[in-house]
Every structure is written in C-alpha cells, then in structure tokens.
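Q: pasting the sequence and the predicted model now:
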Amino acid sequence: MVDSQAAVLVHSRRWVASRALGETLEIGIGGWPSLAFYPADAVLTGLDRQPKAVARADRAATRLGRSAAAVEGDAMALSFADASFDSVVFSFSLCGVPEVRGALLEALRVLRPGGALLMADHVVSTSLPLRAAQRVVETFTRPVFGEHFTRRPSLVARSLDIEIVVIERLGRGAIERLHATKPS
C-alpha cells in the first residue's frame, strides 16, 4: 500500500511539473522533489516559507545540475510583481497553507494571462474508511503542523476566474490534480 501511494505521489508530481511552461513558480517546494520532472527549458523559481527547505531545494538543484532559484517567501503574500510567471505550481503544498483561497488568489495575481495554474494535493477521500482515517490524523496534523487532509482546493479553484482544463482524482479519491488557465 505504501509503495502504491508513493507511486501516486511521484506520478502526480511528474504530471504537474511536465505541464509547466516558460517562467515557472512552484509554491511550497520543501526539498523540491518535483524538480527533476520539469521540462529542460522551464525557468524555475521555487518558494518555501522555511529557510531550511530553501537550503535543501538549493542542494537538490545543484545535485541535479539544474539552474533554479529557491527563495524564502509566503504563499499568502508573494513578493513577485503581477503577471510574472507563465506557470504556477502547487505540488502537495496547498494542504499546508493557512487559507487555500488566499494562496490561489496570490498565485493568479503573479500568473500571466493565458498561463497555467497546476495543482496536485492530497484531499478528502471518496472512500468512507479512508476519509474517517484522514479526519482522525488531521486532528493531530492540523494544530501541530498546519497540515490538512480533508480540503478540496479544486472546489475553491472552480469559484475563481479561471478556465479548468482537467481535474482528476486518484488513489481512492485522496489525490486530486488540476490544470487550469488564467483567461487572456
């Protein structure tokens, strides 16, 4: 079971990263496990609120021989100018932001018209037993780590001024992937 879950995570990271084009911002990079999956011509900036995560991401870029900038910052208040990026990616990071809508609005602010908003995250499962387990785990992870397992960022995304290209759910509905574009 753990191996299949890990495979779904890797496949989903590859799914979002492979869709990114041009100047790309990934928000909430941690140690940047998706870095190897981006197209070679993507110009990458990764953001994390933790200085240690930024340092790990820098080491990952060096190890992979990838030119990429890792910076410290807040998903709720991005320090980039409006319309700075062709793609904005959330790869298993919206589960840790204080407010999904605020993070998505900031992502759309820095996204250029016609640009891609790409998300993969763990969400509330469609399986009743798994959903019950998620709720139990979340009673610990939410107050201690700020980690949510029962959100549905795609529902928030649907309420924004974007065009949905595709939404997919995997792994008993516990993983959700979204590709949307900002209207031109």
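A: That came through fine.

Q: please make it C-alpha for all contacts and neighbour counts, starting now.
A: Will do.

Q: which ones are touching the most centrally placed residue in the chain?
A: Note on the chain: the residue nearest the mean C-alpha position is Phe90, at 1.4 Å, using CA atoms, centre = their mean. By CA atoms under 8 Å, 6 or more residues apart in numbering, the contact list for Phe90 reads Glu26, Ile27, Gly28, Leu118, Met119, Ala120, Asp121.

Q: among those, which ones are in strands?
A: Glu26, Ile27, Leu118, Met119, Ala120, Asp121 (DSSP state E).

Q: okay, the fourth one: pLDDT?
A: Read that as Met119. Note on Met119: pLDDT of 98.

Q: ok, it - how many residues close by?
A: For Met119, the count of nearby residues is 27 (other CA atoms under 10 Å).

Q: list the contacts of it.
A: Met119 touches Val16, Val89, Phe90, Ser91, Phe92, Glu176, Arg177, Leu178, His179, counting by CA under 8 Å, 6+ apart.

Q: reformat the contacts of Phe90 as TSV; add distance to Arg56.
A: Listed next are these as TSV, based on distance: CA to CA, whole Å:
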residue	distance to Arg56
Glu26	15
Ile27	15
Gly28	12
Leu118	23
Met119	22
Ala120	21
Asp121	21
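
Q: nearest residue to Asp58 other than its sequence neighbours?
A: Spatial nearest neighbour of Asp58, chain neighbours left out: Ala70 (6.0 Å); criterion: CA to CA, 6 or more residues apart in numbering.

Q: that neighbour belongs to a helix?
A: No: under DSSP: H, G, I helix; E, B strand; the rest coil, Ala70 falls outside any helix and is assigned strand.

Q: run through the residues that contact it.
A: Thr45, Gly46, Leu47, Asp48, Val54, Ala55, Ala57, Asp58.

Q: buried stuff in stretch 157-168?
A: Ala157, Ile162, Glu163, Ile164 (16 or more other CA atoms under 10 Å).

Q: over to the first one. Which of the three states is it?
A: When classified by three-state DSSP, Ala157 comes out as helix.
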